[in-house]
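> my questions concern the predicted model and sequence given below.
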Amino acid sequence: MVTYKCFECDKVVKQDYIKKKIRCPYCGSKILFKPRTVVSKVKAR
């Protein structure tokens, strides 16, 4: 199951709610993102 987080209030929003509206149910923000589970490190050359 995919989970999203709100950029404003940092609360978890479930995928079932995203199918209805693309807004945070807690604060109404339209900016949601999928948090990464694995940290990616990039080496500069």
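Ah, there it is. Since this is a predicted model, take the numbers as computed values, not measurements.

> show me where the protein has strands.
When assigned using DSSP state E, the strands of the chain occupy the ranges 3-6, 12-14, 32-33.

> just checking, what packs against the second one?
Think strand 12-14. Contact partners of strand 12-14 among helices and strands, from 3 or more C-beta pairs under 8 Å, 6 or more residues apart in numbering; DSSP states H and E: strand 3-6. Where C-beta positions appear, they are placed from N, C-alpha and C, glycine not excepted.

> which residue of this protein lies farthest from its centroid?
Most distant from the centre of the chain: residue 45, at 31.2 Å, with distances by C-alpha atoms, centre = their mean.

> okay, the closest residue to residue 2 other than its chain neighbours: pLDDT?
Take residue 2 and drop its neighbours on the chain: the residue closest to it by C-beta to C-beta, 6 or more residues apart in numbering is residue 15, 4.9 Å away. Residue 15 is assigned 82 on the pLDDT scale.

> measure residue 15 to residue 39 for me?
Using C-beta to C-beta, to the nearest Å, we find residue 15 at a distance of 23 Å from residue 39.

> give me the more crowded residue out of these two.
In terms of neighbours (other C-beta atoms under 10 Å), residue 15 is the more surrounded of residue 15 and residue 39; the figures are 11 against 5.
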